[in-house]
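> just a sequence and a predicted model for now, questions to come.
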Amino acid sequence: MPEQRKPPAGSASTDPPGSAPENVAVIDATTPQDDRPRGLRARHPLLVYIVVRLGVSVLLILGVTLITFILTNLVPSNPAASALGERASSDPAAVAAFNAKYGLDKPLPQQYVIYLSRLAQLDFGDSTQTHNPVAKDLGSAFPATAELALTALTIASVLGVGLGLWAALRQRKFVDQAVRVVSIIGISTPTFWLALIVYYLFFYKLGWFPSSGRLDPQFNPPKDHTGFYTIDALIAGRPKVFWNAVGHLILPASVLVLYTVGLLARFARTAVLDVLGSDYITAARAKGLSARRVTFGYILRGALLPILTVVGLTFGSLLSGAVLTETVFAWNGLGQYAFKAATTLDLQAIMGVGIVVGVTYIAINFVVDLLYGVIDPRVRNR
Amino acid sequence: MTEPLKAEFVAKRQLIRWPVAWRQPLTMIGLVIVAIWLVVAVFGVLLEPHDPLVGATPDRLLAPSAEHLFGTDSLGRDVLSRVIAGARVTLPLSILLVVLSMVIGTVLGALAGYFGKAVDEIIMRIADLVFAFPTIILAMVVTAALGPGLENAVLAILLVSWPQYARVTRSLVLGARNSEYVIANRLLGVGVVRSLTRDILPNIAAPILVLATLDFGNAVLLLSGLSFLGLGSVPPTPEWGAMVSDGVANFDSWWIATFPGLAILTIVMAFNFLGDSLRDALDPRSRRATTGRAV
């Protein structure tokens, strides 16, 4: 440390920090500023907010592609071999053609641009395992996972927020402790194991629910509109198929609900507790409003924003859970595809799953951010 | 003239309020389970009734009995011995993972928070990128590219787990950086390294350690998840996730998957119990909330 920056020896004792605010201000660069928005931001705060969030999301998506680019083209010692598989990579002509096609003989930045333009055309390469274009496989796997994840998310949100609210209102009482312990156990349970146990008990031993897959073998999948078997069956007017698809959804969705409901309950509890101490809640109570009015009109409304964020984040753990759960239930979604790809080291397919899941996750959080901005005007001006 | 500079301005540390932590039954339950598993990991060799790696073909898929308390797997190996041996695989690796990611994350987060500007931007944008993926997906993608194996799985988990420490440390350092005692000591000529390690870090260490306790469970779950996917341990290593995966292939024999799964559940749960009550003893928010009246 430079000597000249030391103050005279006596000064420290005669000037306690509290009595010398001007000294502190010299170092403290974050002096209060006028942070009222100006210009475009003042006139169209929501628009600016949306554009900024959109920009951030696009940058993140670019980052995701940068990661998968590095992992496919730089990390493996021989990208051609890992993309083509054992047999084809022993053929020099095939390797040369591959390198030329993907520009692997060009400088790195140019390789990345080629990679990006391929992704933009939805060319994720070919799967060495299914021999299909990865994009085609992902297209059929994605709706299956989405149907499962959205079903689980809906149930888990309702249950989780309800439990969290209940626990917060009964803070430090038995219900609170019970919700706490149960949710920690939920977070601690390995999903892939839970899936196996649930499947073994409720299908194999008890026979309460149909076996694995999305439909019984005697049914043909309904005509494809949304990729969701339940909705497509309703559109096609096939109630039997609809109920069968619902039956197949129950077990895997329950596993994902058990896995996420604890997390949601914990966060909902904290969010509600944050609101509980607020003056406006006290005021609402002082006005003599009924307990129900205060709970649903004031507490839950105030806690809605943080809960919304958590629901968005939970979607990520649902997708993770799906990857580990689908295999057990032979649910032919992204998870089972990723599992098969991982076990056969089908690199293009794994990266495809990574990109799709990453982009979905970013998109969900973008939507959550938007809702945030729409619901809470303060967020836009931050 | 260095001695008179000894910290004149001392801050209140963010400490764990141990009396509060001890009052919680979860602390005790967590500690006991962790202690049991540590004993199993250290003295496991003495406790194993059979060889965890070698089995006899006639003994394959035996149901639990007096001879094989947890039954045998598809290669005739004793499941109980493999669960015990699994503790020696999972626990050291998870401890290594948590310590490494805590050190890396804390250093990067402290640098980001202390220096701000470009350093902050670079470190935190990389962290954001990691947060753009669900963890197991990113870990899976990285392990697949590096090639399967426990070392690469550990590397991948390290890559996805440091940013949470960086985020927490950064915000804690931001909060402490401009407090009077830090500024005063800076004015007295205390250097950057000393300011960070002596003035700031001791005061923010407790929340980071609580995070590490909670992260231990994540490390175990990620490690066993990757092994379940076939990307982690290589046979015949007795890794719990890989053992559950063996149970999927031999669906009728429920014991193959059930016991290693319970092993994962109990150790993760114990650390989460512990971390949760420590966080409770730390978090001023929950202290304030206890005074809030219920409806």
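Alright, I've got the coordinates. All of these numbers come straight from a predicted model, not from anything done at the bench. Numbering: from 1, shown residues only, chains lettered A, B, ... in the order given.
> which ones are touching the residue of chain A found nearest chain B?
Here chain A gets closest to chain B at one residue, A:W193, 3.3 Å apart by Cβ to the nearest Cβ. In short, each C-beta sits where N, CA and C put it, glycine included. A:W193 sits next to B:244, B:257, B:260-261, B:264-265 when contact means Cβ atoms under 8 Å, 6 or more residues apart in numbering or on different chains.
> make it 10 Å
For A:W193, the contacting residues are A:255, A:324, A:328, B:224-225, B:228, B:240-241, B:243-245, B:247-248, B:257-258, B:260-265, by Cβ atoms under 10 Å, 6 or more residues apart in numbering or on different chains.
> what does A:P190 give?
Applying Cβ under 10 Å, 6+ apart to A:P190 gives the contacts A:196, A:259, A:324, B:220-221, B:224-225, B:228, B:240-241, B:244, B:260-265, B:268.
> now the residue of chain A closest to chain B, what's its secondary structure?
helix (DSSP: H, G, I helix; E, B strand; the rest coil).
> so what's it scoring on pLDDT?
Per-residue confidence at A:W193 stands at 93 (pLDDT).
> ok, it to A:Y259 distance?
As judged by Cβ to Cβ, to the nearest Å, A:W193 and A:Y259 stand 11 Å apart.
> common neighbours of these two, please.
Overlap of the contact sets of A:W193 and A:Y259 (by Cβ under 10 Å, 6+ apart) consists of A:L324.
> next step: the contacts of A:W193 restricted to helices.
Members of the contacts of A:W193 lying in helices (criterion: DSSP state H): A:255, A:324, A:328, B:224-225, B:228, B:240-241, B:243-245, B:247-248, B:257-258, B:260-265.
> which residue ranges of chain A form strands?
Taking DSSP state E to define them, one finds no strands in chain A.
> where are the low-confidence patches of it?
Under the criterion of pLDDT under 70, the regions of chain A flagged as low confidence span A:1-38, A:76-90, A:379-382.
> just want the most central residue of the chain.
By default, I'm working from chain A. Nearest residue to the geometric centre of chain A (Cα atoms, centre = their mean): A:G316, 2.3 Å.
> try again with chain B
Geometric centre of chain B, nearest residue: B:F216, 1.7 Å, by Cα atoms, centre = their mean.
> element containing that residue, please.
Assigned by DSSP states H and E, B:F216 belongs to helix B:201-228.
> is any residue of that helix near chain A?
Yes - contact of helix B:201-228 with chain A is found when judged by Cβ under 10 Å from any Cβ of the partner chain, involving B:214, B:217-218, B:220-222, B:224-226, B:228.
> can you tell me which of the residues you listed is nearest B:F133?
B:L222 (12.6 Å; Cβ to Cβ).
> can you get me a residue count around that closest one?
Per other Cβ atoms under 10 Å in any protein chain shown, the neighbour tally for B:L222 reads 26.
> for A:H131, same thing?
The local packing of A:H131 (other Cβ under 10 Å) involves 9 other residues.
> if we can go back for a sec, so how far is the helix holding B:F216 off the chain centroid?
Going by Cα atoms, centre = their mean, to the nearest Å, the spacing between the C-alpha centre of helix B:201-228 and its chain's C-alpha centre is 3 Å.
> now it: average pLDDT?
Per-residue confidence for helix B:201-228 averages out to 90 on the pLDDT scale.
> next, the angle helix B:240-249 makes with it.
Calculated by axes from the mean of the first three to the mean of the last three Cα atoms, to 10 degrees, helix B:201-228 forms an angle of 30 degrees with helix B:240-249.
> follow-up on the earlier one: look up the closest residue to the residue nearest to the centre of chain A, ignoring the ones flanking it.
B:P134 (4.0 Å; Cβ to Cβ, 6 or more residues apart in numbering or on different chains).
> isn't the one you found right next to A:N365, touching?
No - the criterion here is Cβ atoms under 10 Å, and B:P134 misses it with A:N365 at 11.3 Å.
> overlap in contacts of the two?
Listed as contacting both B:P134 and A:N365 by Cβ under 10 Å, 6+ apart are A:313, A:315-316.
> and the pLDDT for B:E8?
As summarised for this prediction, B:E8 has a pLDDT of 43.
> pull up the gap between the residue nearest to the centre of chain B and chain A, please.
From B:F216 across to chain A, the span is 11 Å (Cβ to the nearest Cβ, to the nearest Å).
> tell me the contacts of the residue nearest to B:G113 when sequence neighbours are not counted?
The shortest distance from B:G113 to any residue that is not its chain neighbour, by Cβ to Cβ, 6+ apart, is 3.1 Å, and that residue is B:V173. Applying Cβ under 10 Å, 6+ apart to B:V173 gives the contacts B:106, B:109-116, B:182, B:196, B:200-201, B:203-204.
> and the helix ranked longest in chain B, what's its mean pLDDT?
The longest helix of chain B (DSSP H) is helix B:79-115. Mean pLDDT, computed over helix B:79-115, is 93.
> relative to helix B:79-115, how tilted is the following helix or strand past that helix?
In the C-terminal direction, the helix or strand that comes right after helix B:79-115 (DSSP H and E) is helix B:117-131. Helix B:117-131 and helix B:79-115 meet at an angle of 150 degrees, taking the same axes, to 10 degrees as the criterion.
> show me which residues of helix B:117-131 are buried.
Of the residues in helix B:117-131, those buried by neighbour count under the rule 16 or more other Cβ atoms under 10 Å in any protein chain shown are B:120, B:123-124, B:126-127, B:129-131.
> tell me which helix or strand of chain B sits lowest on mean pLDDT?
For chain B, the helix or strand with the lowest mean confidence is helix B:284-290, at a mean of 39 (criterion: mean pLDDT, DSSP states H and E).
> can you give me the end-to-end distance of stretch B:138-157?
Taking Cα to Cα, to the nearest Å as the measure, stretch B:138-157 stretches 9 Å from start to finish.
> how far off centre is it?
17 Å.
> likewise for stretch B:253-266?
Relative to where its chain is centred, stretch B:253-266 has its mean C-alpha point 20 Å off (Cα atoms, centre = their mean).
> which ones are touching the closest residue to A:V182 other than its chain neighbours?
Nearest-residue entry for A:V182: A:G262, 6.5 Å, with adjacent residues in sequence omitted and distances by Cβ to Cβ, 6+ apart. Residues counted as contacts of A:G262 (Cβ under 10 Å, 6+ apart) are A:156, A:159-160, A:163-164, A:179-189, B:272.
> assess the claim that A:T260 and A:T154 are in contact.
No - A:T260 is not in contact with A:T154 according to Cβ under 10 Å; the separation is 11.2 Å.
> these two: who's more crowded?
Applying other Cβ under 10 Å to A:T260 and A:T154 shows that A:T260 carries more neighbours, namely 30 against 13.
> quick one, what contacts the one residue in chain B that gets nearest to chain A?
Distances from chain B to chain A, computed as Cβ to the nearest Cβ, single out B:G261 as the nearest residue at 3.3 Å. B:G261 is in contact with A:189-190, A:192-194, A:196-197, B:83, B:224, B:228, B:240-241, B:243-244, B:247, counting by Cβ under 10 Å, 6+ apart.
> farthest pair within these?
Distance extremes for the contacts of B:G261: the farthest pair is A:L194 and B:V83 at 17.6 Å, using Cβ to Cβ.
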